[in-house]
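Participant: Provided below for reference: sequence and predicted model.
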Amino acid sequence: DTGVSQDPRHKITKRGQNVTFRCDPISEHNRLYWYRQTLGQGPEFLTYFQNEAQLEKSRLLSDRFSAERPKGSFSTLEIQRTEQGDSAMYLCASSLDLGHEQFFGPGTRLTVL
Amino acid sequence: AQSVTQLDSHVSVSEGTPVLLRCNYSSSYSPSLFWYVQHPNKGLQLLLKYTSAATLVKGINGFEAEFKKSETSFHLTKPSAHMSDAAEYFCVVRLWSGNTPLVFGKGTRLSVIA
């Protein structure tokens, strides 16, 4: 399957721990997006990359969150000092370019105990 | 700022009957509008999109939506529901330029009863 993949699919951690998620976009896509989806809500935008450049960050992305896309291919999203409020599904999407359809991965479900 | 309101959090229909999922949008500019579907344990999938061409948009799996500017609506319909249509549906808006993130509604859960 050549779709967007995310790893891990599930992560359970204790409050205060750091976690890192990985997203592998569709290979020729130069745009990569991160969203967060909490229970009963639609996904909310966090940040996006054009190749390796992080072009926009939502106000939802506190300073405990950092995202990278070092070679313009895969991306990582790290959450430091996790809080229970960080429990959510973290979704990654990629698109070929500006205005093109975004293809979503299956998500990483984070549970902070 | 743009936003969408999905008027029903849950819709239940019988198999073979029509589906109507309602969505109203708010946007200061010409919007692009989308419907995405999310099946359990699967990624979001694009059903259809409106980008200022024809106001009646046909999507996959027999779904379609009509853009009505006067009503600021973009309702999703399907003539006959299948069991496999049971899922969460999201109405989504984005400014026409494409250089802005997608803004999702809260979702409508569609149940299909045999």
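Facilitator: Nice, I can see it.

Participant: going forward, measure contacts between C-alpha atoms and count neighbours the same way
Facilitator: Noted.

Participant: Give me the neighbour count for residue B:41.
Facilitator: Residues lying near residue B:41 (other C-alpha atoms under 10 Å in any protein chain shown) number 9.

Participant: In which helix or strand does it reside?
Facilitator: Secondary structure assignment for residue B:41, by DSSP states H and E: no helix or strand.

Participant: and it, what is it in contact with?
Facilitator: residue A:106 (C-alpha atoms under 8 Å, 6 or more residues apart in numbering or on different chains).

Participant: pLDDT value on it, please?
Facilitator: At residue B:41, the predicted lDDT confidence score is 77.

Participant: and it, what are its phi and psi?
Facilitator: phi 60, psi 20 (degrees, to the nearest 10).

Participant: how far away is it from residue B:58?
Facilitator: 26 Å (C-alpha to C-alpha, to the nearest Å).

Participant: Need the three-state assignment for residue B:84.
Facilitator: At residue B:84 the chain is in helix, as set by DSSP: H, G, I helix; E, B strand; the rest coil.

Participant: What pLDDT is listed against it?
Facilitator: At residue B:84, the pLDDT recorded in the model is 95.

Participant: Could you report the neighbour count for it?
Facilitator: Residues near residue B:84, counting by other C-alpha under 10 Å: 11.

Participant: Please apply the same query to residue A:56.
Facilitator: Residues near residue A:56, counting by other C-alpha under 10 Å, number 16.

Participant: Just name the shakiest helix or strand of chain A by mean pLDDT.
Facilitator: Least confident helix or strand of chain A, by mean pLDDT, DSSP states H and E, is strand A:53-57 with a mean of 90.

Participant: now the strands for chain A?
Facilitator: With strands called from DSSP state E, chain A shows them at A:5-7, A:10-13, A:19-24, A:31-37, A:44-50, A:53-57, A:65-68, A:75-79, A:88-95, A:103-104, A:108-112.

Participant: So for chain B, which of these sits nearest?
Facilitator: Among these, the nearest to chain B by C-alpha to the nearest C-alpha is strand A:103-104 (5.4 Å).

Participant: Quick one: name the residues of chain A near chain B.
Facilitator: Residues of chain A lying near chain B by C-alpha under 8 Å from any C-alpha of the partner chain: A:40-45, A:98-101, A:103-107.

Participant: Which PyMOL command selects the buried ones in the residues you listed?
Facilitator: Of the residues of chain A next to chain B, the buried ones go into a single PyMOL selection, burial set by 16 or more other C-alpha atoms under 10 Å in any protein chain shown:
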select buried, chain A and resi 42+43+44+45+99+103+104+105+106+107
